[in-house]
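Novice: have a look at this prediction, sequence included:
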Amino acid sequence: MKKSAFVFFAAALALTALAGCRTTDNIKNTEDNVEKENREAEKNESLSRYITVDLRTNPTTGGGWKIDIADKSIAKLESDTYVRDESPAGMVGVGGTETFGFKCLKPGKTDVKFVYGQMWEGGSIWETKKAVITVNDNLLGSIRFE
């Protein structure tokens, strides 16, 4: 009787230990799934039919941004707005932020080149940025700078 009680107790203890390990695995898998879902949600939140890019600029220096989209059938530049930084009245030479809005037109990828400088003949180029706009089948896009 003592021997069968001991065997029963040992078997119950082993099953409990195994069940505990299995529960830990399930918790880990659940945590991994939540992290994966959060990453997917973050990716999806950055997708939009209208992509905006904010770049610093100072038109008082004669500088400005020139945008070159390789495939304008995938995305087009639809808006370009400038907002001057707040400054004391009468202050000159104040820069600001230029916001470019791109509309997603069809699925695909296109390179975009942003060139900052004085765009007239003989003017200086101060900065160049390269990016890729990717548009999915739902016409939701994102931009990634290289």
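Specialist: Okay, I see it. Residues are numbered from 1 along each chain as shown.

Novice: pretty sure residue 55 contacts residue 96?
Specialist: No. Under the criterion of Cβ atoms under 8 Å, residue 55 is not in contact with residue 96, lying 10.1 Å apart. Just so you know, the C-beta spots here come from the backbone N, C-alpha and C atoms, and that holds for glycine as well.

Novice: who has more neighbours out of the two?
Specialist: Between residue 55 and residue 96, counted using other Cβ atoms under 10 Å, the more crowded position is residue 96 (17 against 14).

Novice: what's that one in contact with, if anything?
Specialist: Going by Cβ atoms under 8 Å, 6 or more residues apart in numbering, residue 96 touches 56, 57, 58, 59, 82, 83, 84, 85.

Novice: equivalent analysis for residue 125, please.
Specialist: Neighbouring residues of residue 125 by Cβ under 8 Å, 6+ apart: 115, 116, 117, 118.

Novice: roughly how far apart are the second one and residue 136?
Specialist: In this view, residue 116 and residue 136 are 29 Å apart by Cβ to Cβ, to the nearest Å.

Novice: the more surrounded of these two?
Specialist: Shown here are residue 116 and residue 136; by other Cβ under 10 Å, residue 116 has more neighbours (20 against 12).

Novice: which helix or which strand is home to that one?
Specialist: strand 108-117 (DSSP states H and E).

Novice: and the contacts of that strand?
Specialist: By Cβ under 8 Å, 6+ apart, the list of residues contacting strand 108-117 from outside reads 53, 55, 57, 63-75, 102, 123-135, 143.

Novice: ok, that strand: who's next to it in the sheet?
Specialist: Paired with strand 108-117 in the same sheet, following DSSP bridges, are strand 64-69 (antiparallel), strand 125-135 (antiparallel).
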